[in-house]
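J.: this one's structure only:
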């Protein structure tokens, strides 16, 4: 279970299609100058956010449903805990570091933030990881262009290409991240949005990640969300834990 959580978090987060759900067939909204303008005006705004819910992770034909606790300050820190009966993983991503604590195997990971680059194909900032979790555009607005068929928006950064489809609410329906050799792809689908403090926030995030022969599938379900401005991000490595 810990391997699945690690890759899930580093892409959607850690920024993955659920093994226990069938991905819904979706219909994209028309993409033109007017809908693009509405899309950018509908990006989710927040300063701090806390969400609790469930995460369903499928890897190697095994599915695990975990409780999920997510906290973040915009553009500065992401903290997440995924657990079953109190055991699981805690992840902390800052502007320059990536940490993960695995209390099942009594191990921890500590890397520079560039650790995420190998999964995303570009140098990911904390805010971009947060965008993946919240249905916002991943890259900077000035990088996006309509594709030749005028059916989606496309942007490139590093070796990665991000393609965005819209829904009828002019929010992200599907966000795809691909690399030229096609061995590394992420397909994130946002099936449902609800109003949260005058913004539209996804309630269900379906993520399908492939890196080489490894395929990870997951669903993030945000159930209770608040904008607590006094968030704390506890992360302490217990004595005796081994670094991996």
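T.: That came through, no problem. The shown structure was predicted, so the numbers you read here are calculated from the model rather than taken from an experiment.
J.: where do the strands sit along the chain?
T.: 48-59, 62-73, 77-84, 87-94, 97-102, 107-112, 145-146, 153-157, 160-166, 172-178, 184-196, 199-211, 214-226, 242-243 (DSSP state E).
J.: these: which one's closest to residue 136?
T.: strand 172-178 (7.0 Å; Cβ to Cβ). For the C-beta atoms, the positions are set from N, CA and C on the backbone; glycine is no exception.
J.: name the helices or strands packed onto the closest one?
T.: In terms of contact count using 3 or more Cβ pairs under 8 Å, 6 or more residues apart in numbering; DSSP states H and E, strand 172-178 is assigned the packing partners strand 160-166, strand 184-196.
J.: thinking again about what came up before, need the strands of the chain in TSV with mean pLDDT, mean neighbour count and distance to residue 31, can you?
T.: Formatted as TSV, the strands of the chain follow (pLDDT from 0 to 100; neighbours: other Cβ atoms under 10 Å; distance: least, Cβ to Cβ, whole Å):
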stretch	mean pLDDT	mean neighbour count	distance to residue 31
strand 48-59	90	20	28
strand 62-73	90	18	29
strand 77-84	90	21	29
strand 87-94	87	21	31
strand 97-102	88	20	34
strand 107-112	86	14	37
strand 145-146	92	12	6
strand 153-157	92	18	7
strand 160-166	92	21	6
strand 172-178	93	21	11
strand 184-196	90	19	16
strand 199-211	89	21	18
strand 214-226	89	19	25
strand 242-243	90	8	46
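J.: quickly list what residue 193 is bridged to.
T.: Residue 193 has the following beta-bridge partners by DSSP bridges: residue 202.
J.: show me the contacts for it.
T.: 135, 167, 169, 171, 200, 201, 202, 203 (Cβ atoms under 8 Å, 6 or more residues apart in numbering).
J.: for residue 110, see how far away it is.
T.: Separation of residue 193 from residue 110 (Cβ to Cβ, to the nearest Å) stands at 35 Å.
J.: one more: residue 86?
T.: 23 Å.
J.: how about residue 80?
T.: 16 Å.
J.: picking up where we left off before, and the helices and strands packed on strand 172-178 as JSON lines, adding distance to residue 220?
T.: Formatted as JSON lines, these follow (distance: least, Cβ to Cβ, whole Å):
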{"stretch": "strand 160-166", "distance to residue 220": "19"}
{"stretch": "strand 184-196", "distance to residue 220": "10"}
